[in-house]
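Student: A structural model of the following input is requested.
(2 chains)
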There are 2 protein chains.
Amino acid sequence: MTNPVLVEVNRGPLVESRHRGAIAVVDACGRTRAAVGDIESPVFPRSAIKLIQALPLVESGAADAFGYGTEELALACASHSGERRHVAIAERMLERCGYTPADLECGAHPPRNRGAAIALHRAGEPPGPLHNTCSGKHAGFICLARHLGVDPKGYVSPDHPVQREVSAVLAATTGATLGADVCAVDGCSIPTYAVPLDRLALAFARLVSGEGVSSDRADAASRLFDACMSDPSLVAGTGRFCTEIMADFSGRVFVKTGAEGVYCGALPELGLGIAVKCDDGATRAAETMMTAALAALLPMIDAERLLLGKWLARPIESRLGIKVGVIRPVAGLVDAIGEGRGLK
Amino acid sequence: MTNPVLVEVNRGPLVESRHRGAIAVVDACGRTRAAVGDIESPVFPRSAIKLIQALPLVESGAADAFGYGTEELALACASHSGERRHVAIAERMLERCGYTPADLECGAHPPRNRGAAIALHRAGEPPGPLHNTCSGKHAGFICLARHLGVDPKGYVSPDHPVQREVSAVLAATTGATLGADVCAVDGCSIPTYAVPLDRLALAFARLVSGEGVSSDRADAASRLFDACMSDPSLVAGTGRFCTEIMADFSGRVFVKTGAEGVYCGALPELGLGIAVKCDDGATRAAETMMTAALAALLPMIDAERLLLGKWLARPIESRLGIKVGVIRPVAGLVDAIGEGRGLK
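Tutor: The predicted model follows:
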């Protein structure tokens, strides 16, 4: 099946570029509330499921054993920008369980945040694994290994007890079968398992509603959702979609990006999970698709609608700051999601 | 018409992302030698036609009047990375005709080259218009204005004599009608006119072969092609596709990127022009499409084939440098272009 065009990039009188994709909105009973495009083929969720990957850290008691609070839990779910606070919390997470940045197996890259990257260079320091956008998640993995009484070394391998715990939770919450045929390696070296969008949305619906999961899992999920939504600057970073949306809709929206155009989301008051994938992997389009879903599903007051508007019609500016184009959902997309039908 | 998938991004056992697009290969007589996807709808060529936009600079005698040599001509065709040499040549181009960076109307942004951006920050200097990837083209526009005896002020406006000259050459070489219905504003504030891919390819075939254009225009084009291919580090920058491909195929290939997934190219020995557009605007895919065209069309020795191979199967690596995926043309694309037929 060919996914429909969901996002248009306009310049002057013409559409300059087009993004295709698929959107699934599912409730905790597994009812599909909206389906646009192919929501049954497996897609790699990448970092969009970090909250699910952090569940064993909380459920096992590891987080409590090492005194992880809201900040640590939010960072365990984060694809952070390597800002000063992100790095400090990741380092603290390791210290608390007796490890150091040298134990991280995620690799290094410069901070995503431009200011942080410049500051690092000015200080003459090379980027380290703490600056890796996934360092909070990895610190959580090491903490889990410590709590399980196993050597963290090799914790990124699919066969390590940590990854076995993580993939078991992903399989249980999504109901998907996670075999070698859908397993690849993520940018931070851990396994990523491809799961259909409807299954990803189902998992987030279950976790955000607490239905269809054990009460322990529901409690753990609730703590992680609360941590992310109460301190969203930790989950991504300055100016980024996840951070701004969660801040603007305090407690009403959870959203989390993954590489290659994936987004997962959850709406606590509606008990709905959302999963989107842009075919071509573009983040700008995945963000616009998620925005369309929020616009369609969430009752909003005018102030909230105004805040969402900036993502719903995203200006393209010249280098002089003049508006020369706009990125927006295709006509009819918001209505189609709201009415629970596909896009013609 | 729905363009076919031309590029796949693979991770482990699965295709993670897909890029659709179109490719036109045309000779100077206007014969379409290969057509994949829709090559008749207008697309904004953006910076991919800088060589065409630089023709009036040479044809008018302005370049000679102000002593522009190979370096200045290459930079006039460039989307450079803001490296030290790029900036120095752009500044010299302005000095030669009696103007300064303050006269540039392209706006400023940090150098695309990471090292250059860091060096600038270390020096405590804000990025200026000379660092704009289009500063060489804009310096050429100012030089042309000076030579035409008109005030350069407002040279980015469609009504300014400079842009009228530029659009007249684009209309003449492509045979396209350039009205307000296909006109938008580029990132550097000049007008960009949407032109079908087959017309863009035709223009490059005419200019590289010298057929179907006046001998003055053919001479001017020849000087610009030679400048770009003899010093390709000026046309883009360290590690970039345009620079590496032109260096690897010294004098046999001209390629030039444009924003939002456009590429134009020319093969002097075959008298062919190439134009590609990735639907979703991704540079990685447009580069892979252009690579497929080169692999299909250009007779190559083993050493050249080896050099092209790195772009034909582009590895995706984890942060630890382990190969975890690959970006490549879809099966059959190279053959389809080589045999001059569409993709099934």
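Student: out of the helices and strands in chain A, which is least certain?
Tutor: In chain A, no helix or strand scores lower on mean pLDDT, DSSP states H and E than helix A:114-122, which sits at a mean of 89.
Student: chain center to the helix or strand just after that one, what's the gap?
Tutor: As assigned by DSSP states H and E, the chain's next helix or strand after helix A:114-122 is helix A:135-148. Distance of helix A:135-148 from the chain centroid (Cα atoms, centre = their mean, to the nearest Å) equals 18 Å.
Student: what packs against helix A:135-148?
Tutor: helix A:55-59, helix A:62-65, helix A:70-76, helix A:84-96, helix A:161-174 (3 or more Cβ pairs under 8 Å, 6 or more residues apart in numbering or on different chains; DSSP states H and E). For the C-beta atoms, the positions are set from N, CA and C on the backbone; glycine is no exception.
Student: could I get those helices as a markdown table with distance to A:Arg199, mean neighbour count and mean pLDDT?
Tutor: Below are the helices and strands packed on helix A:135-148 laid out as a markdown table (distance: least, Cβ to Cβ, whole Å; neighbours: other Cβ atoms under 10 Å in any protein chain shown; pLDDT from 0 to 100):
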| stretch | distance to A:Arg199 | mean neighbour count | mean pLDDT |
| --- | --- | --- | --- |
| helix A:55-59 | 16 | 25 | 98 |
| helix A:62-65 | 26 | 18 | 98 |
| helix A:70-76 | 22 | 25 | 98 |
| helix A:84-96 | 30 | 20 | 98 |
| helix A:161-174 | 4 | 20 | 98 |
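Student: quick one: which of the ones you listed is nearest B:Val330?
Tutor: For the helices and strands packed on helix A:135-148, proximity to B:Val330 was assessed by Cβ to Cβ; helix A:161-174 is nearest, at 29.3 Å.
Student: the helix or strand following that closest one pairs with which strands, parallel or anti?
Tutor: Per DSSP H and E, the first helix or strand lying C-terminal to helix A:161-174 is strand A:183-185. Paired strands of strand A:183-185, with direction, are strand A:191-193 (antiparallel) (DSSP bridges).
Student: from A:Leu297, how far out is A:Leu207?
Tutor: 17 Å (Cβ to Cβ, to the nearest Å).
Student: who has more neighbours, those two?
Tutor: A:Leu207 (27 against 21; other Cβ atoms under 10 Å in any protein chain shown).
Student: and the host helix or strand of the more buried one, what does it pack onto?
Tutor: In this assignment (DSSP H and E), A:Leu207 forms part of helix A:197-209. When contacts are defined as 3+ Cβ pairs under 8 Å, 6+ apart, helix A:197-209 packs onto strand A:14-27, helix A:50-53, helix A:161-174, helix A:215-230, strand A:262-267, strand A:272-278.
Student: and of these, who's closest to A:Pro315?
Tutor: Closest among the helices and strands packed on helix A:197-209, using Cβ to Cβ: strand A:14-27, at 13.8 Å.
Student: tell me the mean pLDDT for that closest one?
Tutor: Average pLDDT, strand A:14-27: 98.
Student: for it, which strands pair with it and how are they oriented?
Tutor: So strand A:14-27, judged by DSSP bridges, has these partners: strand A:5-11 (antiparallel), strand A:32-36 (antiparallel), strand A:272-278 (antiparallel).
Student: quick one, which of the ones you listed is packed in tightest?
Tutor: strand A:272-278 (a mean of 31; mean count of other Cβ atoms under 10 Å in any protein chain shown).
Student: what angle separates it from helix A:161-174?
Tutor: 110 degrees (axes from the mean of the first three to the mean of the last three Cα atoms, to 10 degrees).
Student: next secondary structure after strand A:272-278?
Tutor: Next along from strand A:272-278, by DSSP H and E: helix A:283-297.
Student: what is the helix or strand following that next one packed up against?
Tutor: Next along the chain after helix A:283-297, taking DSSP H and E as the criterion, comes helix A:302-312. With contacts defined as 3+ Cβ pairs under 8 Å, 6+ apart, helix A:302-312 has these neighbours: helix A:241-248, helix A:283-297.
Student: what does the stretch 1-150 of chain A have sitting close to chain B?
Tutor: A:2, A:9, A:11-14, A:16-20, A:42-44, A:105-109, A:118, A:121-122, A:132 (Cβ under 8 Å from any Cβ of the partner chain).
Student: could you list the contact residues of the stretch 201-344 of chain A toward chain B?
Tutor: So the stretch 201-344 of chain A meets chain B at A:260-261, A:278-282, A:285, A:318-322, A:324-325 (Cβ under 8 Å from any Cβ).
Student: and these, which of them are buried?
Tutor: A:260-261, A:278-282, A:285, A:318-320, A:324-325 (16 or more other Cβ atoms under 10 Å in any protein chain shown).
Student: go through those and name the one nearest B:Asn113.
Tutor: Nearest member of those to B:Asn113, counting by Cβ to Cβ, is A:Arg319, at 16.8 Å.
Student: span of stretch A:119-137 from start to end?
Tutor: Terminal residues of stretch A:119-137 are spaced 24 Å apart (Cα to Cα, to the nearest Å).
Student: check stretch A:53-71 too.
Tutor: End-to-end for stretch A:53-71, by Cα to Cα: 17 Å.
Student: contacts for stretch A:114-125, please.
Tutor: Residues outside stretch A:114-125 that contact it (Cβ atoms under 8 Å, 6 or more residues apart in numbering or on different chains): A:81-84, A:110-111, A:126-127, A:131, A:238, B:118, B:121-122.
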